[in-house]
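[1] requesting a structural model of the entry that follows:
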Amino acid sequence: MRSWLLSAHLAVEERIGRGDSWQRDSETSSRTIQFSMLAMSFGLPITDPVMIFALAMVVFVGVPLLFERLRVPGIIGLIVAGAAIGPNGLALLERNETIVLLGTVGLLYLMFMAGIEIDLHGFRKYRNRSIAFGGITFLLPQLLGTGVGLALGYGIASSILLASMFASHTLVAYPIASRLGIAKNEAVTTTVGGTIITDSAALLVLAVIASSVEGELNAAFWLRLVVFLSLFVAVVMLGLPRLGRWFFRSHGDGATAEYVFVLAALFTCAVLAEVAGVEPIIGAFLAGLAINRLIPESGPLANRLHFFGNALFIPFFLFSVGMLVDVRVLAGSTQAWKVMIGMTVTVIATKWLAAKLTQRLFGYGSEEGWMIFGLSVPQAAATLAAALIGYQIQLFDDAVLNGSILMILVTCTIGPWVVERYGRRMALRAERAPYRASEAPQRILLAISNPTTAEPLMDFAFLIRDPDSAEPLYPLIVVPGRGEGEEDAAPQLVAAEKLLSRTVIHAAAAEVPVVPLTRVDYNFAGGITRAVTETRSSTVVLGWERRRSRRFALSGSMLERLIARTQQLALVARVEPALNTVHRLVLVLPPCSERSHGFCEAVRTLKIMANR
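    Numbers count the residues shown, from 1 in each chain. The predicted structure is shown next:
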């Protein structure tokens, strides 16, 4: 590069010596300066912000796809890519303030999403079993892991923090269980509920160890930590849900405002955690738990949170962690290999032992025991957070940081494989079980007539839709007319298609498949009945209007005719407040209603609604 610049300057001097015009000399000099600046911008490490972002985006797109084709988790690919092109590899990039900032944001976002994705209803349903499993799968790795850390030559604080990395786990393989249709299995629900216990305890250990590095573990330290931490937890867990309900009720119409509010809550809680004297990731995790029930898992807001996190923030965190990895410490260092192998073997052995003890304790079958192990052995979110913070406060060395990467690679490969293998057996066993009418496929048809209530009705359909269902929603508009060939129905059909296009866009934001329908019929009840028969729908959702209208009067003969013509479950909804702010479900049942046809389907739908 230097020789190229030197030749360019010599060319300019040669032209000056020949007596070229002053204007040509000026143009040549300016071009030389431009070439010099361009060459400097391509120097190593890359410092141009546009090129840094472009290179990161290329890595985020290509590397996970390549590693997934090799059947290696994509998160490992991003860590490896960071190590390869970072300062300890090819030195294409340095871990400067920009990478550190985006990596920190990604870490907080990752812990926030861990709190959002925890199934609080499943935890309450199997509370005792979840607490028992969470205690077992935390205490065994914590106790045995501390001994392993001491045996490897680390201090007591480093060993306890190292053991907390073994105790936590990330539900990397849970999407596989959901895809196989066994997410509602008792063993799976118990494992998911136990995640709250073990991750919370592991993060608490991290908070105590990280705080103790800056001071002594005396009575004043514990008093200050307990008081400030208790106040912080109370403010977040009690205040944030109420603030969220108020905001979604008052300003819940704008998708952008909802997303920005969630981000503001996330980073404000992270700042408050620092004020309380604990790590910001504690605040991010608690923020996710606090507004967990305000964000339906199949809604547009949850989809936006996952989209931006998985596409931008979390990859930057994994990328920045990879830049800290130095594979050169493995060359000629037997201690580094001992640490890596010891960490990997310890986490696999302790998680397997915890799964088998839980299996024996609750009388689960062999497949359920292996399912618990496959779900609880992968390490990712909390493990990376503890490893990074331990490295930053100098409790961990390069060997532990590299060992955590190997541990994540091995466990994130074993866990999904075990869940896939034994989950298929559990799914086949469930398919051979006797058929029950309450387990019939759920198909929801929405009769839409009012543009102002179309999106609230769609949100209500998202709420009652089984999260494991692959069936689409069927939004329907009935256009009045005497027959299929009625020419005066054409303008109304155009208006109906425009309204249906809005429902399609709204459903696409929530990643829910839809099949829009239009019917021309002189009778609304007849058009709905015909669509129900053609689509074999199991549930019909209609909007409630307080006053009678000539177009869609529900408080009269139309609803009665519809109920008389169909056997399907009919839900008449009047959605006024934001659905994610509702926290109480009042059920009024007439006498002997359990003997009525469709009672099981109605109860099933109510249970789905209550679980959200």
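
[2] can we go C-alpha only for contacts and neighbour counts from here?
    Noted.

[3] contacts for stretch 584-598 next, please.
    Contacts with stretch 584-598, where a contact means C-alpha atoms under 8 Å, 6 or more residues apart in numbering, come from 567-569, 599-600, 610.

[4] make a ChimeraX selection of the buried ones in those residues.
    The ChimeraX command for the buried members of the contacts of stretch 584-598 (criterion: 16 or more other C-alpha atoms under 10 Å) is given here:
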select :568,569,600
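
[5] from the contacts of stretch 584-598, which ones fall inside helices?
    Per DSSP state H, helices hold the following members of these: 599-600, 610.

[6] any low-confidence regions in the stretch 201-350 of the chain?
    Within the stretch 201-350 of the chain, the stretches with pLDDT under 70 are 214-217, 252-253, 298, 330-332.

[7] which residues in it form helices?
    Along the stretch 201-350 of the chain, the stretches classed as helices by DSSP state H, counting those that start in this stretch are 219-234, 240-251, 255-276, 280-290, 300-308, 314-324, 334-362.

[8] tabulate those (a markdown table), appending mean neighbour count and distance to residue 522.
    Formatted as a markdown table, these follow (neighbours: other C-alpha atoms under 10 Å; distance: least, C-alpha to C-alpha, whole Å):
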| stretch | mean neighbour count | distance to residue 522 |
| --- | --- | --- |
| helix 219-234 | 14 | 59 |
| helix 240-251 | 17 | 38 |
| helix 255-276 | 18 | 38 |
| helix 280-290 | 26 | 50 |
| helix 300-308 | 17 | 35 |
| helix 314-324 | 26 | 54 |
| helix 334-362 | 19 | 60 |
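
[9] please name the residues that touch residue 129.
    Contacts of residue 129 by C-alpha under 8 Å, 6+ apart are 190, 362.

[10] so it is in which element?
    Residue 129 belongs to helix 127-151 when assigned by DSSP states H and E.

[11] what's the angle from that helix to helix 334-362?
    On the basis of axes from the mean of the first three to the mean of the last three C-alpha atoms, to 10 degrees, helix 127-151 is oriented at 160 degrees to helix 334-362.

[12] so how far is residue 597 from residue 561?
    17 Å (C-alpha to C-alpha, to the nearest Å).

[13] of the two, give the one with the bigger neighbour count.
    Neighbour comparison, residue 561 and residue 597: the larger count goes to residue 561, with 15 against 12 (by other C-alpha atoms under 10 Å).

[14] surely the more buried one is in a helix?
    Yes. Secondary structure of residue 561 (DSSP: H, G, I helix; E, B strand; the rest coil): part of a helix.

[15] ignoring the adjacent residues along the chain, who's closest to it?
    residue 525 (6.3 Å; C-alpha to C-alpha, 6 or more residues apart in numbering).

[16] now swap in residue 420 and tell me
    Nearest to residue 420 is residue 176, by C-alpha to C-alpha, 6+ apart, at 6.6 Å.

[17] before we move on, what about residue 287?
    residue 266 (5.8 Å).

[18] mind listing what that neighbour touches?
    108-109, 112, 283-284, 287-288.

[19] those strands in the stretch 1-150 of the chain, which residues are they?
    Counting by DSSP state E, counting those that start in this stretch, no segments of the stretch 1-150 of the chain form strands.

[20] how about the residue nearest to residue 420, what does it touch?
    Applying C-alpha under 8 Å, 6+ apart, the residues near residue 176 are 416, 419-420.

[21] could you dump the contacts of residue 266 to CSV with distance to residue 454?
    Shown next, in CSV, are these (distance: C-alpha to C-alpha, whole Å):
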residue, distance to residue 454
108, 36
109, 32
112, 31
283, 37
284, 35
287, 31
288, 29
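
[22] quick one: low-confidence parts of the stretch 401-550 of the chain?
    In the stretch 401-550 of the chain, residues with pLDDT under 70: 432-440, 468, 482-489, 545-550.

[23] mind running it again at 80?
    405, 409, 412-413, 430-442, 467-470, 481-491, 508-511, 522-523, 544-550 (pLDDT under 80).

[24] how about the helices in it?
    451-464, 490-509, 524-535.

[25] in a markdown table, list those helices along with distance to residue 70 and mean neighbour count.
    Shown next, in a markdown table, are the helices of the stretch 401-550 of the chain (distance: least, C-alpha to C-alpha, whole Å; neighbours: other C-alpha atoms under 10 Å):
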| stretch | distance to residue 70 | mean neighbour count |
| --- | --- | --- |
| helix 451-464 | 36 | 19 |
| helix 490-509 | 31 | 16 |
| helix 524-535 | 41 | 18 |
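
[26] turn the ones you listed into JSON lines, including distance to residue 127.
    Formatted as JSON lines, the helices of the stretch 401-550 of the chain follow (distance: least, C-alpha to C-alpha, whole Å):
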{"stretch": "helix 451-464", "distance to residue 127": "24"}
{"stretch": "helix 490-509", "distance to residue 127": "33"}
{"stretch": "helix 524-535", "distance to residue 127": "40"}
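
[27] to residue 580, which of the ones you listed lies closest?
    Residue 580 sits nearest to helix 451-464 of all these, at 9.2 Å, using C-alpha to C-alpha.

[28] re the thing from before, what's near enough to touch the residue nearest to residue 561?
    558-559, 561-562 are the contacts of residue 525 under C-alpha under 8 Å, 6+ apart.

[29] which of the contacts of stretch 584-598 sits closest to residue 54?
    Nearest member of those to residue 54, counting by C-alpha to C-alpha, is residue 610, at 44.6 Å.

[30] could you pull up the residues touching that closest one?
    By C-alpha under 8 Å, 6+ apart, the neighbours of residue 610 are residue 585.

[31] make it 10 Å
    Counting by C-alpha atoms under 10 Å, 6 or more residues apart in numbering, residue 610 makes contact with 121, 463-464, 583-585, 604.

[32] please flag which of those residues sit within helices.
    Reading helices off the contacts of residue 610 with DSSP H, I get 121, 463-464, 604.
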